[in-house]
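Trainee: Show me how the following folds:
(chains A and B)
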Amino acid sequence: MTETLLLGRRAVREVFRYPEATIPTLFIPLFFLAVNIGQVSKTFPSSTPFLKGQGYVAFQLPVSLMFAVATATSGLALVTEIDNGYFDKLLVAPIRRSSIILGRLAADLVRGVGASAFVLVAGIALGARVETGVIGALVIVLLSALFGVAYAGFAILVALRTRNVQATNTSFLLFFPLLFLTPNFVPFDRLSPLMETLARINPVSYVIVGLRSLVIDGWDLGKLGVCLGVIVVMGVALTALSLRAIATYDR
Amino acid sequence: MSHSTNTTSPSAAIEARALRRTFKGGIEAVRDIDLTIEAGEVFGFLGPNGAGKTTTVRMLCTLLPPTAGDARVAGVDVLAEPAEVRRRIGVALQEIGLDPVQTGRELLELQCGLYGITGRNGRTRAEELLELVGLTEAADRRIKTYSGGMKRRLDLASALVHSPQVLFLDEPTTGLDPASRLTVWEEVRRINDTGTTVFLTTQYLEEADKLCDRLAIIDDGRIVAEGTPELLKGRMGHDVVSVSLEGADAAETEIALRDLPGLERVITATDALALYVEDGAGSIAEIVRRLDRERIEVGAISVARPSLDDVFLQATGRRLEEGEEEPEREEVGVP
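Mentor: Residues are numbered from 1 along each chain as shown, chains lettered A, B, ... in the order given. So this is what the prediction gives:
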């Protein structure tokens, strides 16, 4: 446990010392938020039934939150250390290999809290109102950060399997179809039949729907439960695969 | 020349028997090597790039499982108890393993923590090591601002946090300037003086010669010579006369010189002949006379005591490093 705390503290320190790794990941969600609102806010005025009196920014905010927290930063940090030899230094220390991954995920949690809080504040500044109040806002930040931790396992897995910086970097691109094959612009029932089918089998859809419910609908424990369930299952699966990859690394 | 015995030495710090590593595609990086390194030795593993040095170190450090064979380090089986081996060894690999975002002090304190030295003890140990490697003033600067020599010294310090029984140094001076190389040598001697066994790989002949109590020469995955530097050089004979061929036919030149008085052996490299003779200086005139008589034009002729490069030449048929460790030679121009 001590080694996980030590490596986690180091990774968190890295987040603050290396802001150039985090700041670009905040630009994309803000860009998408501004562009999407600008393009369709007249199409979907606040009188649109699914907006329940709010502006379109409230509907888009969860999508931007997903963008802000789903990064390949930890995977890139790991593959860089594989490249520069520090990873070997850690492997030859008498520690559990899992602590190397868990330490990285601790940094993802901190980065996710910061990034989602920033995007949430930006959304509120653009006119969104969190229907569930301050507690709801805190839950939004927490769930978003947890989603970031869950998703980080994917880039970590790619880093360990490929040991290649380029491959790890481009692994982020996989998130685009996951994010866009969702009810990101309109609810499920407004999508074409094919898109609705694809969106309904895409687990990320339910994370967006859960976060959106906190902004627009109020407390909907059913949607929140599914949202949390998806995050937990995804996190456990990807983290387990990453832990297996590091356990069998060069063995 | 590898050991053929299968017995184990109770005082050995490192023992390997028939250690082999074959990579995907059938690449045999290490081929059934045997090693016995006594506690307290500085043991050199000398060889060119790609000879199998790093692969051997990685197997002994538990970073890479052997394809076959077995090894014990600090009395512990590397395959059966890798975690226990890691507690007893320190490792500075060829790639300097440092986190550039941290400061030197933070890195050492973290390293202490990973070995269970936490709190005040960790801070004190980090301070001691910073002083040992002369980095106290730079301790609170980020590692990315360090020079290559400073990084190498910090890497060495990070391998020492837990006072390991066995220290593995994989090419610790590669890429360093001569002054930094000397500093690392001093550190290695100082560490060894405290009783730590040092296993050091190098491609530098001078480093192996000056630093190591004993060494093995590895080439193409096999140990081709082993012993103390003096013993290995002593086996080569008295003096070595190098004749640079510079276009002359090697076979013709060898025939012209083969019954030279006092000649002990001749080794032909790609562009030179090495003549091992009883009296190098006294042989020069006769060599020149014979070459002149046979109308063979060669380049420079030089005389020196046999070096580890000569040992390497004899064992492998080629020089280890052109231009590395050129001993002082008495050169004679040939018209």
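Trainee: Wait, a helix at B:Gly25?
Mentor: No: per DSSP: H, G, I helix; E, B strand; the rest coil, B:Gly25 lies outside any helix segment and is coil.
Trainee: got the contact list for the top helix by length along chain B?
Mentor: Counting by DSSP state H, the longest helix found in chain B is helix B:178-193. Helix B:178-193 has contacts (Cβ atoms under 8 Å, 6 or more residues apart in numbering or on different chains) with B:40, B:42, B:132-134, B:148-149, B:152-153, B:156, B:160, B:167, B:169, B:172-173, B:176, B:198, B:200, B:207, B:210-211. Glycine gets a C-beta too; all of them are placed from N, C-alpha and C.
Trainee: pLDDT below threshold where in the stretch 51-200 of chain B?
Mentor: For the stretch 51-200 of chain B, applying pLDDT under 70 flags no range at all.
Trainee: residue boundaries of the strands in it?
Mentor: Under the criterion DSSP state E, counting those that start in this stretch, strands of the stretch 51-200 of chain B are mapped to B:68-73, B:76-77, B:89-92, B:166-170, B:197-202.
Trainee: so the first one versus strand B:197-202, what angle?
Mentor: Orientation note: strand B:68-73 sits at an angle of 130 degrees relative to strand B:197-202 (axes from the mean of the first three to the mean of the last three Cα atoms, to 10 degrees).
Trainee: Strand B:68-73: partners in the sheet, and parallel or antiparallel?
Mentor: strand B:12-23 (antiparallel), strand B:76-77 (antiparallel) (DSSP bridges).
Trainee: For the stretch 151-300 of chain B, what lies in contact range of chain A?
Mentor: Proximity of the stretch 151-300 of chain B to chain A is confined to B:Ser158 under the rule Cβ under 8 Å from any Cβ of the partner chain.
Trainee: what's the neighbour count on the residue in the stretch 151-300 of chain B positioned nearest to chain A?
Mentor: Closest residue of the stretch 151-300 of chain B to chain A, Cβ to the nearest Cβ: B:Ser158 (7.0 Å). A count of nearby residues for B:Ser158, using other Cβ atoms under 10 Å in any protein chain shown, gives 27.
Trainee: Need the nearest residue in space to it, chain neighbours excluded.
Mentor: B:Gln111 (4.6 Å; Cβ to Cβ, 6 or more residues apart in numbering or on different chains).
Trainee: what sits against that neighbour?
Mentor: Contacts of B:Gln111 by Cβ under 8 Å, 6+ apart are A:89, A:93, B:126, B:158, B:161.
Trainee: Can you add distance to B:Leu320 and give these back as TSV?
Mentor: Listed next are those as TSV, based on distance: Cβ to Cβ, whole Å:
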residue	distance to B:Leu320
A:Lys89	29
A:Ala93	33
B:Ala126	38
B:Ser158	30
B:Val161	34
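Trainee: Most neighbours among the residues you listed, which one?
Mentor: Greatest neighbour count in these, by other Cβ under 10 Å, goes to B:Ser158: 27 neighbours.
Trainee: that older thread, and the longest helix of chain B, how far out from the chain's middle?
Mentor: In this view, helix B:178-193 has its centroid 14 Å away from the chain centroid, taken as Cα atoms, centre = their mean, to the nearest Å.
Trainee: now do stretch A:175-195
Mentor: Mean-position distance between stretch A:175-195 and its chain equals 17 Å (Cα atoms, centre = their mean).
Trainee: got the CA coordinates for that stretch in CSV?
Mentor: Listed next in CSV are the C-alpha coordinates belonging to stretch A:175-195 (Å, rounded to 0.1, in the frame of the first residue of the first chain):
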residue,chain,number,x,y,z
PHE,A,175,-12.8,7.6,-27.9
PHE,A,176,-14.3,9.6,-30.8
PRO,A,177,-16.7,6.9,-32.1
LEU,A,178,-17.5,6.0,-28.4
LEU,A,179,-18.5,9.5,-27.8
PHE,A,180,-20.3,10.3,-31.0
LEU,A,181,-22.3,7.0,-31.2
THR,A,182,-24.3,8.3,-28.2
PRO,A,183,-27.2,10.6,-27.7
ASN,A,184,-24.7,13.4,-27.6
PHE,A,185,-26.7,15.9,-29.8
VAL,A,186,-30.3,14.7,-29.2
PRO,A,187,-32.0,12.1,-27.0
PHE,A,188,-32.2,8.4,-28.0
ASP,A,189,-35.7,8.7,-29.4
ARG,A,190,-34.7,11.5,-31.8
LEU,A,191,-31.9,9.4,-33.4
SER,A,192,-32.3,7.4,-36.6
PRO,A,193,-33.1,3.7,-35.9
LEU,A,194,-29.6,2.5,-36.7
MET,A,195,-27.9,5.3,-34.7
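Trainee: Show me which residues of that stretch are buried.
Mentor: Of all the residues in stretch A:175-195, those buried under the rule 16 or more other Cβ atoms under 10 Å in any protein chain shown are A:175, A:178-179, A:181-185, A:191, A:195.
Trainee: Of these, which pair is most distant in space?
Mentor: Spanning the widest gap among these are A:Phe175 and A:Leu191, at 19.4 Å by Cβ to Cβ.
Trainee: Let me know the outermost residue of chain B.
Mentor: For chain B, the C-alpha farthest from the mean C-alpha position belongs to B:Arg293; by Cα atoms, centre = their mean, that distance is 42.4 Å.
Trainee: Grab the nearest non-local neighbour of it.
Mentor: Excluding the flanking residues, the one nearest B:Arg293 by Cβ to Cβ, 6+ apart is B:Ala256, at 7.8 Å.
Trainee: Against B:Tyr204, how distant is B:Thr173?
Mentor: 7 Å (Cβ to Cβ, to the nearest Å).
Trainee: Output the below-cut-off pLDDT ranges for the stretch 201-335 of chain B.
Mentor: Counting by pLDDT under 70, the stretch 201-335 of chain B has low-confidence residues at B:321-335.
Trainee: just the helices in it please.
Mentor: Counting by DSSP state H, counting those that start in this stretch, the segments of the stretch 201-335 of chain B that form helices are B:205-211, B:229-234, B:250-257, B:280-293, B:308-316.
Trainee: Now do the same contact list for A:Leu243.
Mentor: A:97-98, A:101.
Trainee: That one is in what secondary structure piece?
Mentor: Secondary structure assigned from DSSP states H and E places A:Leu243 in helix A:221-247.
Trainee: chain center to that helix, what's the gap?
Mentor: Distance, centroid of helix A:221-247 to centroid of chain: 12 Å (Cα atoms, centre = their mean).
Trainee: Mind listing what's buried along that helix?
Mentor: Using 16+ other Cβ under 10 Å as the test for burial, helix A:221-247 gives A:223-224, A:226-228, A:230-231, A:234-235, A:238-239, A:242-243, A:245-246.
Trainee: Stretch B:294-302 now?
Mentor: In terms of neighbour count (16+ other Cβ under 10 Å), stretch B:294-302 has its buried residues at B:296, B:298-299, B:301-302.
Trainee: Get me the contact residues on the stretch 1-150 of chain B for chain A.
Mentor: So far as Cβ under 8 Å from any Cβ goes, the stretch 1-150 of chain B lies against chain A at B:61-65, B:83, B:86-87, B:89, B:91, B:93-102, B:106, B:110-111, B:113-116, B:118, B:142.
Trainee: go again using 6 Å as the cut-off
Mentor: Residues of the stretch 1-150 of chain B lying near chain A by Cβ under 6 Å from any Cβ of the partner chain: B:61, B:63-65, B:83, B:86-87, B:91, B:93, B:95, B:97-99, B:101, B:110, B:113-114.
Trainee: Show me how to select, in ChimeraX, the buried members of these.
Mentor: The ChimeraX command for the buried members of the residues of the stretch 1-150 of chain B next to chain A (criterion: 16+ other Cβ under 10 Å) is given here:
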select /B:61,63,64,86,87,91,93,95,97,98,99,101,110,113,114
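Trainee: Can you tell me which of the residues of the stretch 1-150 of chain B next to chain A end up in helices?
Mentor: Counting by DSSP H, the residues of the stretch 1-150 of chain B next to chain A contribute B:83, B:86-87, B:110, B:113-114 to helices.
Trainee: Thanks a lot, see you next time.
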